[in-house]
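*Asks:* take this sequence and fold it.
(one chain, ligands or ions: 1)
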Amino acid sequence: MAESTHPIISLQDVSVTFQSNGKPLNAVDKVNLQIRQGDIYGIIGYSGAGKSTLVRTINLLQKPTTGTVTVSDQDLQKLSTPKLRNARKKIGMIFQHFNLLNSRTVLNNVEYPLLSQPIGKPKRQAKAKKLLELVGLREFENSYPDQLSGGQKQRVAIARALANDPDILISDEATSALDPKTTNDILKLLKHLNETLGLTIVLITHEMQVIKSVCRHVAVMDEGKIIERGDVADVFSNPQQPLTQNFVDSSANVTEALEQIKADKSLQNLSKNERLLFLKFKGQATKQSLISDLTELYHLSANILFGNIERIGATSIGYLIIILSGETKQLADGINLLNKNGVQVRLIATGKKGGEK
Ligand SMILES: Nc1ncnc2c1ncn2[C@@H]1O[C@H](COP(=O)(O)OP(=O)(O)OP(=O)(O)O)[C@@H](O)[C@H]1O
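*Replies:* Modelled structure (predicted):
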C-alpha cells in the first residue's frame, strides 16, 4: 500500500533507562521516530542496541522513562487503562519464538485474542478461519503448534496478531529462527498484508537482508540511539556510519571473506611485487572493465580471491578481493587508475619477501 504522509507512530525524545548492576543503563536514548501509515519500517542493530526496548514503547509494554509516544494521534501515556487496552489491540506483535499456546489447536490460538470480545463462538471461529486462510494455513486449524514447522508456527502467530484488525504490526526478530527460504516466505506474507490490509509494519532485525527485501525505510540503532535513517536504498547504498557500512559488508559476505583471507597462511607470504587489495565499487564503476584495463595498460595481473555484487535499490555495490602483481611503479599507477574511477582501494597486505619478478 502507498504510505500516507501522516505518521501513525510518533516517538518524541523517548528514553528508557534501566538499572543494571546499580548503574543506570540508557537502553533507549532520546529517540525521535516518525513512522508513516502504510510503511514497512525496519530497525536494524546488533544485539543489545535497544531495538526491542524501543519497539515495546510503541504499545507501552515498556513505559518510557521520559518522552512521548503518540500512536494514531493518541498520546498513549495519557489514556485511561480501558482506552489503553483498546489502543493496544490495534497494535499486533510477533516474536522470534512465536509464543503460541502449545496445548491449544491452531484455530484456538488464533481465536484466543477474541475471547475478551463480545462476540459469540461461531463468529469468533469464522474470523479465525478467515485469518488462517489469509496466512495459507486453513487446513491446519485442528493441528497443534508442535505438529507444525517453524514457518507455519510463525504464520499462526501472524494470524493471531491480526485477530483484532490491528493498524500496526510489530515484528520482533520474527524470522531470526527460520531458514532463509522460510524467512523469505514470511517476509513475502508480511509484504502482502501491508499491501492488501494497509497494515503498517515495524520490523526489527539484525540482518540487513531482511530489511532489504521488505522495508521501505530503515533506522540503524546503536547504544540506544538512532545513528542513521532514511529510505532503505539511500541508507545502504551510501552509508554514512561505520556500523551501517558493516551491515552492508556482512550482507555481501565481505566481512567473512576478509577474515578467511587474512587467516589464510599461504597469503601471508606475498612476494614484493604482490599487493593484497580489497576493492569496493559502486554504481557505474561496477560496469567498467577496470580489471582488464589494469592488464592492458600496466601489465598487471589480478588473481581474484573473492567477488560479489550487492544490489541495493537501483544501485549496485561490487566487492573484489584480489592479489595484484606487477612492477612497483605500475602497481602504483594501476591503483591510481582504480581510485580515479571511483573504486575504493584498501591495501590489506603488501608482499615483503623476494625481489621483483
Ligand atoms: N528489563 C531490563 N532490565 C535491565 N536491562 C535491560 C532490560 N531489558 C533490556 N535491558 C538492557 O537494555 C539494552 C538493550 O536491550 P534490547 O533487548 O532492547 O536490545 P536489542 O537491540 O533488542 O537486542 P536483542 O536483539 O539482543 O534483544 C541491553 O543492554 C539489555 O541488556
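*Asks:* pull up the distance across stretch 80-95, start to finish.
*Replies:* In stretch 80-95, first residue to last residue: 27 Å (CA to CA, to the nearest Å).
*Asks:* next, the buried residues of it.
*Replies:* For stretch 80-95, a neighbour-count test (16 or more other CB atoms under 10 Å) marks 84, 87-95 as buried. C-betas here are computed from N, CA, C, even on glycine.
*Asks:* just those that are near the ligand?
*Replies:* Residues of those in contact with the ligand (CB under 6 Å from any ligand atom): none.
*Asks:* the stretch 151-300 of the chain: strands as residue ranges?
*Replies:* 168-172, 200-205, 217-222, 225-231, 274-282 (DSSP state E, counting those that start in this stretch).
*Asks:* okay if I get these as a markdown table plus mean pLDDT, distance to the ligand and mean neighbour count?
*Replies:* As requested, the strands of the stretch 151-300 of the chain are arranged in a markdown table below (pLDDT from 0 to 100; distance: least, CB to the nearest ligand atom, whole Å; neighbours: other CB atoms under 10 Å):
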| stretch | mean pLDDT | distance to the ligand | mean neighbour count |
| --- | --- | --- | --- |
| strand 168-172 | 97 | 8 | 23 |
| strand 200-205 | 97 | 7 | 25 |
| strand 217-222 | 97 | 7 | 24 |
| strand 225-231 | 96 | 12 | 17 |
| strand 274-282 | 90 | 28 | 21 |
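*Asks:* export the ones you listed to CSV and tack on distance to A263?
*Replies:* Below are those laid out as CSV (distance: least, CB to CB, whole Å):
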stretch, distance to A263
strand 168-172, 35
strand 200-205, 28
strand 217-222, 27
strand 225-231, 30
strand 274-282, 13
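*Asks:* secondary structure added to the buried residues of stretch 80-95, as a markdown table?
*Replies:* Output for the buried residues of stretch 80-95, formatted as a markdown table (DSSP: H, G, I helix; E, B strand; the rest coil):
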| residue | secondary structure |
| --- | --- |
| L84 | helix |
| A87 | helix |
| R88 | helix |
| K89 | helix |
| K90 | coil |
| I91 | strand |
| G92 | strand |
| M93 | strand |
| I94 | strand |
| F95 | strand |
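*Asks:* what is the nearest of these to Y46?
*Replies:* Minimum distance to Y46 across the buried residues of stretch 80-95 is 18.6 Å, recorded for F95 (CB to CB).
*Asks:* the closest one and A157 touch, don't they?
*Replies:* Yes - F95 is in contact with A157 according to CB atoms under 8 Å; the separation is 7.2 Å.
*Asks:* overlap in contacts, these two.
*Replies:* A174 (CB atoms under 8 Å, 6 or more residues apart in numbering).
*Asks:* tell me where the stretch 251-357 of the chain has helices.
*Replies:* Remark: helices assigned in the stretch 251-357 of the chain by DSSP state H, counting those that start in this stretch are 254-263, 290-298, 328-340.
*Asks:* how is this protein partitioned into domains?
*Replies:* Using automatic domain parsing, the domain parsing of the chain gives 7-238, 254-350.
*Asks:* rank those domains by mean pLDDT and give me the bottom one.
*Replies:* In terms of average pLDDT, domain 254-350 trails the rest of those, at a mean of 87.
*Asks:* start and end of it, how far apart?
*Replies:* Span of domain 254-350 from end to end, CA to CA: 20 Å.
*Asks:* distance between that domain and the chain's centre?
*Replies:* 28 Å (CA atoms, centre = their mean, to the nearest Å).
*Asks:* can you check stretch 94-108 too?
*Replies:* 24 Å.
*Asks:* endpoints of it, how far apart?
*Replies:* Stretch 94-108: ends 17 Å apart by CA to CA.
*Asks:* quick one: buried residues of it?
*Replies:* So, applying 16+ other CB under 10 Å, buried residues of stretch 94-108: 94-96, 98, 100, 105-108.
*Asks:* return the member of these nearest to the ligand.
*Replies:* Q96 (8.6 Å; CB to the nearest ligand atom).
*Asks:* who's in contact with the closest one?
*Replies:* Here Q96 is in contact with 172-174, 176-177 (CB under 8 Å, 6+ apart).
*Asks:* make a ChimeraX selection of whichever of these turn out to be buried.
*Replies:* Applying 16+ other CB under 10 Å to the contacts of Q96, the buried members can be selected in ChimeraX as follows:
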select :172,173,174,177
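*Asks:* in TSV, list the contacts of Q96 along with distance to V14.
*Replies:* Shown next, in TSV, are those (distance: CB to CB, whole Å):
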residue	distance to V14
D172	17
E173	20
A174	22
S176	24
A177	28
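*Asks:* with distance to K188 and mean neighbour count added, can I get the helices of the stretch 251-357 of the chain in TSV?
*Replies:* Formatted as TSV, the helices of the stretch 251-357 of the chain follow (distance: least, CB to CB, whole Å; neighbours: other CB atoms under 10 Å):
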stretch	distance to K188	mean neighbour count
helix 254-263	26	15
helix 290-298	37	16
helix 328-340	39	16
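*Asks:* looking at the ones you listed, spot the one closest to the ligand.
*Replies:* helix 254-263 (18.8 Å).
*Asks:* touching, G45 and K225? I think so.
*Replies:* No - G45 lies out of contact with K225 (CB under 8 Å); the separation is 9.6 Å.
*Asks:* so A27 makes contact with V14?
*Replies:* No - counting by CB under 8 Å, V14 is not a contact partner of A27; they are 10.7 Å apart.
*Asks:* many thanks, have a good one.
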